[in-house]
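# model this:
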Amino acid sequence: MLFDRDGTLVHDVPYNGDPMLVRPVPGAREALDRLRAAGLRLGVVTNQSGLARGRFSHRDLERVNARVEELLGPFDTWQICPHGEPGPGVAGCRCRKPSPGMVADAARALGTTPDRCVLVGDIGADMTAAAAAGAAGILVPTPQTRAEEIAAAPAVAGDLPGAVDLILRRQRLVAPGRDSGVEQLADGPNQVVATSRPRPRCVLVARPDSAGDVLVTGPAIRAVAAGADRVVMLCGPRGRAAAELLPGIDELIEWPLPWIDPQPTPLDRSEVDRLTARLARVGADEAVLFTSFHQSALPLALVLRMAGVGRISAISDDYPGSLLDVRHRVPLGIPEAERALSLAAAAGFPLPEGDDPALRLRAECLETGPTEGALAEPGYVVVHPGSSVAARACPPELCARIVTALAAAGHRVVVTGGPGEGALSARVAGRSGVDLGGQTSLTGLAAIIARAGCLVVGNTGPAHLAAALGTPVISLFAPTVSFGQWGPYRVPTVRLGDAAAACRHTRATRCPVPGHPCLSQVAPDSVVQAVRLLTDSADRLPAGTVDRLPAGTVDRLPAGTVDRLPAGTVDRLPVSTADRLLAGTTVPVPVPGGTA
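Sure, this is the predicted structure:
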């Protein structure tokens, strides 16, 4: 848990060098003690340009920070940027927020990775720094916080105790306990009984949705697979290729469901009978039905009851009667991957210790990408202009200007597109980019994105593909749905676009506002700056994951390399290897009582 200092933990006193002026925000000490009691480690990340401006001395800063700890309790790390704001055209430091350097440094000091951190702050720069590092962010607005910063935040709390409530609630949702015999009854979301049940022989999981929806369900499917002998997945035609990339699945059943597909065929009784018979042949002991917040799991639950499945778990706000054995409820705004994980946990399948809840792909499914021309060396920028939902796509003419601007800034640019998007990708690539639109499968696209320095994309499947590969994302995010719920999960990200546009939270599939203003006003130069923010400050290896490095490579990496590994990698390394990587990472910073 990381916190901004001024305006978040204590009332903001500009350029404060006087410890007697330190006043905690209401409820701060009690809230922080709740986090400590929950076993979370705490850190502070704070811009202190007053040092560069000569408004106070290092000794003054130490005395102020010591007073903060006297009033609020100890923090496990202090990360301080002493630099001033750079002038126009001058490259700034890596630590001053919105740059993500202090978040990465704090994670290192705490022995973890940024994707396992949450940053609480009061302005947009805090949220940008968190996202660019791959951490979660919670905004606690003050009267000085701008409306557009509130609209763009991934999560918002009314005060510091409210932010702590949200953190602990999310923690309980995905890991309510390691007892796999906890069953949640259908007649109430808070009634639970401990039961003892044998390990299921076969569990059917369902996510009959698009590729992106399937990808974000991956951690939950891994959780189910860890607690069952066999996992069979029911998916739709739009998600089949993504399902083939996920670990933990033993068999796929592809079936279009008319209550899920956006362009459904008429309901046909014979098709429902055929589906029922097919699911009955699976012989599943139980089923876990994953859906988006606006979908109902009950039609499929009815079919599964008719197919003889004895225990069914799903999220449902609607009364399920006898269709569900585990009726789970989740607050709005929870990231989609955590929403699915919480259902798996409620069904008795928590993610096992040691499995980081990041998105992940089966390494053996990745094809070898092109290695000639602009793709010969990793680090190029991928621009993916298409989207299956028109309201979420960046206008093609703007994407073309973005490609031109990136190329002019010295980047190698690759433009990708799915089947049927060849004309779009060719238009966007122009003479500045390499056009690969319509030329790759989803696994081929994954191989290209895995070697990229970053991906420029809207709210669509390749954004989640990049998250699963640890590739940073410039998210051209139309606000028709919640960014906190659907933004790239646990990967360095910069969000661009008007988060307060009139289409906000409408779930529109076609832009309801003339001119598509939420994305059409994005300046190409802002994309160039976002790429610079991610690539200049990136503390990770270039594309790929440790699991795909040649045997023995990790052991030969120099001390401190852990900070450049993809999010979550350290948790998957052997203990001895992680210990060797963590050596020698101390950074001198002023802290209460001296310099660490």
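
# every contact and neighbour count from this point should use C-alpha atoms.
Will do.

# got any ranges where this protein has weak pLDDT?
Scanning the chain for pLDDT under 70 picks out 89, 176-196, 367-372, 537-596.

# middle-most residue in it, spatially?
For the chain, the residue nearest the mean C-alpha position is residue 489 (1.2 Å; CA atoms, centre = their mean).

# which element is that one on?
Of the helices and strands defined by DSSP states H and E, none includes residue 489.

# contact partners for it?
Contacts for residue 489 (CA atoms under 8 Å, 6 or more residues apart in numbering) come out as 134, 335, 337, 358-359, 464, 467.

# any idea how far it lies from residue 126?
17 Å (CA to CA, to the nearest Å).

# kindly report the same for residue 217.
Distance from residue 217 to residue 126, by CA to CA: 28 Å.

# who has more neighbours out of the two?
Each of residue 217 and residue 126 has its neighbours counted (other CA atoms under 10 Å); residue 126 has more, 29 against 23.

# verify the stated contact: the more buried one with residue 4.
Yes: in this structure residue 126 lies within contact range of residue 4 using CA atoms under 8 Å: 7.3 Å.

# who touches both of those two?
Joint contacts of residue 126 and residue 4 (CA under 8 Å, 6+ apart) are 119-120.

# helix/strand/coil for the closest residue to residue 518 other than its chain neighbours?
Leaving aside its sequence neighbours, residue 518 sits nearest to residue 498 (CA to CA, 6 or more residues apart in numbering; 4.5 Å). Look at residue 498: counting by DSSP: H, G, I helix; E, B strand; the rest coil, its state is coil.

# please apply the same query to residue 455.
Under three-state DSSP, residue 455 comes out as strand.

# can you pull up the bridge partners for it?
residue 382, residue 473 (DSSP bridges).

# got a list of what it touches?
Listed by CA under 8 Å, 6+ apart, the contact set of residue 455 reads 381-384, 449, 463, 466, 471-474.

# what about it, distance to residue 507?
Taken as CA to CA, the span from residue 455 to residue 507 is 24 Å.

# likewise for residue 439?
30 Å.

# also residue 443?
29 Å.

# who has more neighbours out of these two?
Counting neighbours by other CA under 10 Å for residue 443 and for residue 507 shows that residue 443 has the greater number, 20 against 16.

# was I right about the more buried one contacting residue 362?
No: assessed by CA under 8 Å, residue 443 is found out of contact with residue 362, at 10.2 Å.

# overlap of the contact sets of these two?
Here residue 443 and residue 362 share the contacting residues residue 245, scored by CA under 8 Å, 6+ apart.

# among the contacts of residue 489, who's most crowded?
Going by other CA under 10 Å, residue 134 tops these with 32 neighbours.

# dump the residue contacts of that one.
Counting by CA under 8 Å, 6+ apart, residue 134 has contacts 114-115, 489-493, 567.

# mind listing which of the residues you listed are in strands?
Of the contacts of residue 134, the ones assigned to strands by DSSP state E are residue 493.

# now list the buried members of the contacts of residue 134.
Neighbour counting with 16 or more other CA atoms under 10 Å marks 114-115, 489-493, 567 as buried within those.

# dump those residues to JSON lines, plus distance to residue 140.
JSON lines is the format used below for the buried ones among the contacts of residue 134 (distance: CA to CA, whole Å):
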{"residue": "114", "distance to residue 140": "20"}
{"residue": "115", "distance to residue 140": "20"}
{"residue": "489", "distance to residue 140": "21"}
{"residue": "490", "distance to residue 140": "20"}
{"residue": "491", "distance to residue 140": "22"}
{"residue": "492", "distance to residue 140": "21"}
{"residue": "493", "distance to residue 140": "20"}
{"residue": "567", "distance to residue 140": "26"}
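
# ok, of those, which one's closest to residue 141?
residue 493 (21.3 Å; CA to CA).

# just to revisit the earlier point, please report the distance of the residue nearest to residue 518 from residue 98.
18 Å.

# shouldn't residue 29 be in contact with residue 73?
Yes: using CA under 8 Å, residue 29 is in contact with residue 73, at 7.1 Å.

# tell me the secondary structure at residue 301.
helix.

# from residue 33, how far out is it?
From residue 301 to residue 33 the distance is 43 Å (CA to CA).
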